[in-house]
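> predicted coordinates and the sequence they were generated for:
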Amino acid sequence: MKSRITSGMLAACVCAMMYCVSCAVPAPPVRVVERAETTEIERFFQYFVYLRSLPAEDLSREYARQEAAFAQSHGAEDRLRLVLLLSLPNTDFGNRLYAFELLQAYLNESEPHSTDFMDIATFLATFMENKTYASSYMSRIYNIKKEIAEKDHQFVEQQKIIKKLQDDLSAQKTLSSTLNKQLQEALSEKERQLVSKEQINKKLQDERKNVKRLQEKIEKIKDIEKSLMEREHTDNKGT
């Protein structure tokens with residue numbers, strides 16, 4: 001009987017100790033699953049959702065802000081956001097051709113880019129590379145070439161005008177020389193008394209005025225030619 005009590009008491013003590021130990025040991029901490037950092041793709045589509053929620057007035061302000069941000073940074077994210085803004089329908093600032101050019105410039109760069117940004121750019125290009133954009137792009141190139149051809153034609157016409165004026169000036173100089181020669185011959189002969197000195201001087205002055213006017217026209221044409229050449233050079237650089 002005594003041994004049974006001792007065994008029972010021992011068992012009770014062991015149970016009590018195990019209970020106390022279990023109470024003393026702190027419970028394992030609850031593991032909190034941290035959310036991974038937002039990816040560039042997620043940020044881009046969050047920005048798209050944000051744009052779709054803006055009224056027209058706020059959307060215009062956001063375009064102005066984003067355009068300034070890209071002009072300052074020329075970063076990939078600012079570029080793609082600007083492309084997205086320019087591609088939105090029913091806006092005053094929309095310009096899908098410019099958006100396509102910005103996108104193509106990014107895709108054609110030789111330096112390596114972020115995989116996410118390249119995926120976004122490829123995604124946008126998928127919807128932009130169609131006949132409409134290609135036709136608009138080729139139409140713009142055609143218009144630029146046509147404008148250059150017209151300016152070349154104007155330049156050729158100006159050259160013809162300059163040559164004609166130069167020929168006229170040469171003819172006037174020849175005429176003036178002939179008149180001077182005739183005047184000298186007239187002065188050395190008996191007809192000298194028949195021609196008044198004032199009339200001769202007036203004729204010479206008129207001829208000099210004609211020569212001067214032609215020279216002024218030549219200078220003006222040269223200025224026009226110079227202006228056309230500078231404008232053509234500027235247009236070629238812009239192309």
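Ah, there it is.
> mind listing what the most centrally placed residue in the chain touches?
With distances taken as CA atoms, centre = their mean, Tyr98 lies nearest the centre of the chain, 8.0 Å away. Residues near Tyr98 by CB atoms under 8 Å, 6 or more residues apart in numbering: Leu86. Where you see a C-beta, it was placed from the backbone N, CA and C, and this is true even at glycine.
> can you read off the pLDDT for it?
Looking at Tyr98, its pLDDT is 91.
> how distant is the lengthiest helix in the chain from the center of its chain?
As assigned by DSSP state H, the longest helix anywhere in the chain is helix 131-187. Centroid separation for helix 131-187 versus its chain: 33 Å, with CA atoms, centre = their mean, to the nearest Å.
> which secondary structure elements does it sit against?
If contacts are counted by 3 or more CB pairs under 8 Å, 6 or more residues apart in numbering; DSSP states H and E, helix 131-187 sits against helix 96-107, helix 197-238.
> of those helices, which stretch is the most buried?
helix 96-107 (a mean of 17; mean count of other CB atoms under 10 Å).
> please save the CA atoms from that one in PDB.
C-alpha atoms of helix 96-107 as PDB (Å, rounded to 0.1, in the frame of the first residue of the first chain):
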ATOM      1  CA  ARG A  96       0.300  58.000 -80.300                       C
ATOM      2  CA  LEU A  97       2.800  58.600 -83.000                       C
ATOM      3  CA  TYR A  98       5.100  60.400 -80.600                       C
ATOM      4  CA  ALA A  99       4.500  57.600 -78.000                       C
ATOM      5  CA  PHE A 100       5.500  55.000 -80.600                       C
ATOM      6  CA  GLU A 101       8.700  56.900 -81.400                       C
ATOM      7  CA  LEU A 102       9.600  57.100 -77.700                       C
ATOM      8  CA  LEU A 103       8.900  53.400 -77.300                       C
ATOM      9  CA  GLN A 104      10.900  52.400 -80.400                       C
ATOM     10  CA  ALA A 105      13.900  54.600 -79.300                       C
ATOM     11  CA  TYR A 106      13.900  52.700 -76.000                       C
ATOM     12  CA  LEU A 107      13.600  49.200 -77.600                       C
END
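> can you state the direction angle for that helix and helix 131-187?
On the basis of axes from the mean of the first three to the mean of the last three CA atoms, to 10 degrees, helix 96-107 is oriented at 100 degrees to helix 131-187.
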